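Visitor: The following comprises the amino acid sequence and a computationally predicted model.
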Amino acid sequence: IMNRDLENAIQTKDKFLSIVARDLINPFNSIMGFSDVLLSNYNNMNDNHRIETIEIINNASNELFDLLDNLLQWSRSERGLLEFTPQKTDLKSAIDKSISLVNLSSKIKNINIEKHLPLNNCITIADERMLNTVLRNLLSNAIKFTPNGGQIIVAIEQSNNQYSISIIDNGIGISAENIEKLLEKNIKFTTSGTNNEKGTGLGLVLVKELIEKQNGTLKVESTEGKGSTFTFSLPVWNEQNEINQADI
C-alpha cells in the first residue's frame, strides 16, 4: 500500500510540475508581450487599439487565475486536503457570477450565452467555491470548443428534490472515446479549442471530482459537429438536508 501511495504521490508531483512548466507559459507570454506593446506604443495607439490590447491582457490574466485555481484545488484533492464546506447557496447568483467571469472570453469569440432558468428561487446546498469552480470550468470549456458566433445555454431544471444544471453548446462536439479520456484521472489528454486555445487537461477531471464530492453526478452528452451538453446535479435546499450535510 505504501508503494502505491508513493507512486501516486510521484505521479501527482510530475503531473503538477509538467502543467506548471508548460501551461503557465502561454498566458504569461500574452501578458508580458501585450503589456510591452502597450507600454512602448501607447501614445501611437488609438483608443480602440488600446482597449483591444488591454482586453487581451485581461483575458490572459483570467486564464492564468483559472489555471492556478484549478491546480491548487486539484493538488489539495489529490492529497486529501480539499475542504468541503456545504452551505445554503443561490444557484442563480452563482451562475451570474460565473458568466461574468467568462464574459470577455465569450465576447472575443462573439458567443452568446443565454440563461434558461426557472422564475422561482433556486436554492441548493453546496460548497460555494467548488460550485463556482465547476461552473467556471464548464463555461470556459464550452467557449473553448464553440466556434466564433456560436451559442451557449445555461439551464436549470428541478425534479423533486434535485436540480439539474446544464451547460449546452453548439460547438464541435466530442467523440465518446475522447469523453472517457477527458474524465479519466490518470490519462493526460488535452485538445485545442476552435481558436487553438490550450488547456491543462485538468478541468473536467476536477469538475467531476468536485461534483462527486457534493454527492452529485456529472453527465456528458455530445455529438461531433453538433455540440455538447454537460449536466450535473445538486440537491434542492431544505432544512432537513442542511442538517444532514452538517453531519458529514
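Guide: Now that the structure is in, tell me what you want to look at.

Visitor: Strands along this protein, start to end?
Guide: 86-90, 112-116, 123-127, 151-159, 162-169, 218-223, 227-235 (DSSP state E).

Visitor: winner for burial among these?
Guide: Highest mean neighbour count of the strands of the chain: strand 123-127, a mean of 22 (counted as mean count of other Cβ atoms under 10 Å). C-beta coordinates here come from the backbone N, C-alpha and C atoms, glycine included.

Visitor: any low-confidence regions in this protein?
Guide: 1-26, 70, 74-82, 182-203, 239-248 (pLDDT under 70).

Visitor: just to revisit the earlier point, okay if I get the strands of the chain as TSV plus distance to residue 177?
Guide: Formatted as TSV, those follow (distance: least, Cβ to Cβ, whole Å):
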stretch	distance to residue 177
strand 86-90	35
strand 112-116	28
strand 123-127	31
strand 151-159	24
strand 162-169	19
strand 218-223	11
strand 227-235	14
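
Visitor: roughly how far apart are the nearest residue to residue 104 once chain neighbours are set aside and residue 98?
Guide: Spatially, and ignoring its direct neighbours in sequence, residue 104 is nearest to residue 59 (5.2 Å; Cβ to Cβ, 6 or more residues apart in numbering). With distances taken as Cβ to Cβ, to the nearest Å, residue 59 is found 16 Å from residue 98.

Visitor: neighbour-wise, which of those two wins?
Guide: A count of neighbours by other Cβ atoms under 10 Å puts residue 98 above the other of residue 59 and residue 98, at 23 against 19.

Visitor: Just give the closest residue to the more buried one, not the sequence neighbours.
Guide: residue 135 (3.8 Å).

Visitor: just residue 88 next, same as before
Guide: Per Cβ to Cβ, 6+ apart, closest to residue 88 is residue 237, 5.5 Å.

Visitor: Looks like that neighbour contacts residue 158 (just checking).
Guide: No: if you go by Cβ atoms under 8 Å, residue 237 and residue 158 don't touch, sitting 11.4 Å apart.

Visitor: Please name every helix or strand in contact with the longest helix along the chain.
Guide: Secondary structure of the chain per DSSP state H: the longest helix is helix 47-78. Under the contact definition 3 or more Cβ pairs under 8 Å, 6 or more residues apart in numbering; DSSP states H and E, helix 47-78 sits against helix 2-23, helix 25-41, helix 103-108, helix 128-144, helix 203-213.

Visitor: what's the angle between that helix and helix 25-41?
Guide: Angle, helix 47-78 to helix 25-41, by axes from the mean of the first three to the mean of the last three Cα atoms, to 10 degrees: 150 degrees.

Visitor: Can you give the distance of helix 47-78 from its chain's centre?
Guide: 12 Å (Cα atoms, centre = their mean, to the nearest Å).

Visitor: got the angle between that helix and helix 128-144?
Guide: Using the same axes, to 10 degrees: helix 47-78 against helix 128-144 is 130 degrees.

Visitor: hang on, residue 122 packs against residue 89?
Guide: No: counting by Cβ under 8 Å, residue 122 does not reach residue 89; the two are 9.4 Å apart.

Visitor: Convert the C-alpha atoms of stretch 31-42 to CSV, please.
Guide: What follows is stretch 31-42, C-alpha atoms only, in CSV (Å, rounded to 0.1, in the frame of the first residue of the first chain):
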residue,chain,number,x,y,z
ILE,A,31,0.5,39.3,-20.5
MET,A,32,4.2,40.3,-20.9
GLY,A,33,4.1,40.6,-24.7
PHE,A,34,1.0,42.8,-24.9
SER,A,35,1.8,44.9,-21.9
ASP,A,36,5.2,45.6,-23.5
VAL,A,37,3.3,46.6,-26.7
LEU,A,38,1.0,48.9,-24.7
LEU,A,39,3.9,50.4,-22.8
SER,A,40,6.1,51.0,-25.9
ASN,A,41,3.4,52.2,-28.3
TYR,A,42,0.7,53.8,-26.0
